[in-house]
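Colleague: Would you be able to build a 3D model of this:
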Amino acid sequence: MNEFFVLGMSAIGAGLAVITGLGAGVGIGNATGKAVESIARQPEASGKITSTLIIGAGFAEATAIYGLLVSILLIFVGLK
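Modeller: As a prediction, the model looks like this:
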């Protein structure tokens with residue numbers, strides 16, 4: 001019974017860890033929308049806006065990757 005409880009809790013934890021991808025997707029979507037609006041208003045600054053957007057998207061995507069790694073560790077390493 002205790003082994004099944006640990007397996008169930010690790011599956012729930014893995015599911016919650018993957019939810020970080022949702023936040024990253026929403027954040028990157030909002031940032032991209034604002035970057036497009038900024039480029040439409042000031043086309044001469046498009047290079048600086050784009051480079052800042054790419055750096056910010058990389059940081060936001062890192063949280064999703066960390067969540068995925070945590071869920072993989074919970075599923076495969078947590079069972080032993």
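Colleague: in the protein, which spans are helices?
Modeller: With DSSP state H as the criterion, the chain has helices at 2-18, 20-41, 46-76.
Colleague: Using TSV, lay out the ones you listed together with mean neighbour count.
Modeller: In this view, the C-beta of every residue, glycine as well, is placed from N, C-alpha and C. Formatted as TSV, the helices of the chain follow (neighbours: other C-beta atoms under 10 Å):
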stretch	mean neighbour count
helix 2-18	13
helix 20-41	14
helix 46-76	14
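Colleague: just checking, Ala14 touches Leu74?
Modeller: Yes: Ala14 lies in contact with Leu74 (C-beta atoms under 8 Å); the separation is 4.4 Å.
Colleague: any idea how far the residue nearest the centre of the chain lies from Arg41?
Modeller: The residue lying closest to the centre of the chain (C-alpha atoms, centre = their mean) is Ala64, at 2.4 Å. The gap separating Ala64 from Arg41 is 29 Å, by C-beta to C-beta, to the nearest Å.
Colleague: Who's the closest spatial neighbour of Ala11, skipping the chain neighbours?
Modeller: In this structure, Ala11 finds its nearest non-sequential neighbour in Ile75, 7.1 Å apart by C-beta to C-beta, 6 or more residues apart in numbering.
Colleague: list the contacts for that neighbour?
Modeller: Shown in contact with Ile75 (C-beta atoms under 8 Å, 6 or more residues apart in numbering): Ser10, Ala11, Ala14.
Colleague: Ok, Ala45 next?
Modeller: By C-beta under 8 Å, 6+ apart, the residues touching Ala45 are Ser38, Ile39.
Colleague: pLDDT score for it?
Modeller: For Ala45, the pLDDT comes out at 92.
Colleague: Repeat that for Phe5.
Modeller: 86.
Colleague: Then the one 4 residues further on?
Modeller: Met9 carries a pLDDT score of 87 in this model.
Colleague: So it versus Val70, what's the distance?
Modeller: Taking C-beta to C-beta, one finds Met9 at 14 Å from Val70.
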